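1. Model the structure of this input:
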Amino acid sequence: MTSQAAAQRPLNGVRGLVFFGFPLHPPNRPGTKRADHLAKITMPMLFLQGTRDTLADLKLLRPVCGKLGSRATLHVIETADHSFHVLKSSGRNDAEVLRELAQRAASWAEGIEEI
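-> Numbering: from 1, shown residues only. Predicted coordinates:
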């Protein structure tokens with residue numbers, strides 16, 4: 001994982017990391033050990049997560065991001081799973097969600113200069 005490499009040493013040319021569904025823990029086995037290395041990363045990080053992601057309980061991920069301070073930005077997609085598929089009841093389709101993810105990542109990356 002790139003984040004593990006970034007925790008060990010600066011990565012040439014990399015100014016930020018975007019996680020499309022950070023795998024915080026094994027499916028349905030909540031824990032935060034997989035995030036321990038993030039504290040060593042000095043660059044900005046964007047976490048794009050779905051509320052139904054079985055690999056990242058938001059009750060655990062929110063405090064992880066909080067401890068990272070201004071280096072971490074969390075963007076949550078309601079009813080999305082780990083692959084960002086959303087429930088039909090959300091009124092959205094997968095293409096709309098993918099557009100949102102791409103736009104959010106692009107606008108975040110443009111703002112890295114300001115961080």
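2. in the longest helix seen in the chain, what's buried?
-> Criterion DSSP state H: the longest helix present in the chain is helix 94-110. Within helix 94-110, the residues scored as buried using 16 or more other Cβ atoms under 10 Å are 97, 100, 101, 104, 105, 108. Glycine gets a C-beta too; all of them are placed from N, C-alpha and C.
3. quick one: low-confidence ranges for the chain?
-> 1, 113-115 (pLDDT under 70).
4. if I pick the residue of it most remote from its centre, what's in contact with it?
-> Distance from the centre of the chain peaks at residue 89, with 23.7 Å (Cα atoms, centre = their mean). Residue 89 sits next to residue 79 when contact means Cβ atoms under 8 Å, 6 or more residues apart in numbering.
5. my guess is residue 65 meets residue 48, correct?
-> No - at 11.7 Å, residue 65 and residue 48 do not qualify as touching, with contact defined as Cβ atoms under 8 Å.
6. In terms of packing, which of these two has more residues around it?
-> The residue with more neighbours, out of residue 65 and residue 48, is residue 48; 24 against 19, by other Cβ atoms under 10 Å.
7. Now the terminal residues of stretch 80-94, how far apart.
-> Chord length of stretch 80-94, first to last residue, is 9 Å (Cα to Cα, to the nearest Å).
8. and residue 76, helix, strand or coil?
-> strand (DSSP: H, G, I helix; E, B strand; the rest coil).
9. Look up phi and psi at residue 71.
-> Residue 71 adopts backbone torsions of phi -70, psi -20, taken as degrees, to the nearest 10.
10. so who does the residue minimising distance to the centre of the chain touch?
-> When Cα atoms, centre = their mean is applied to the chain, the residue found nearest the centroid is residue 47 (1.7 Å). By Cβ under 8 Å, 6+ apart, the residues touching residue 47 are 19, 22, 61, 65, 72, 73, 74, 75.
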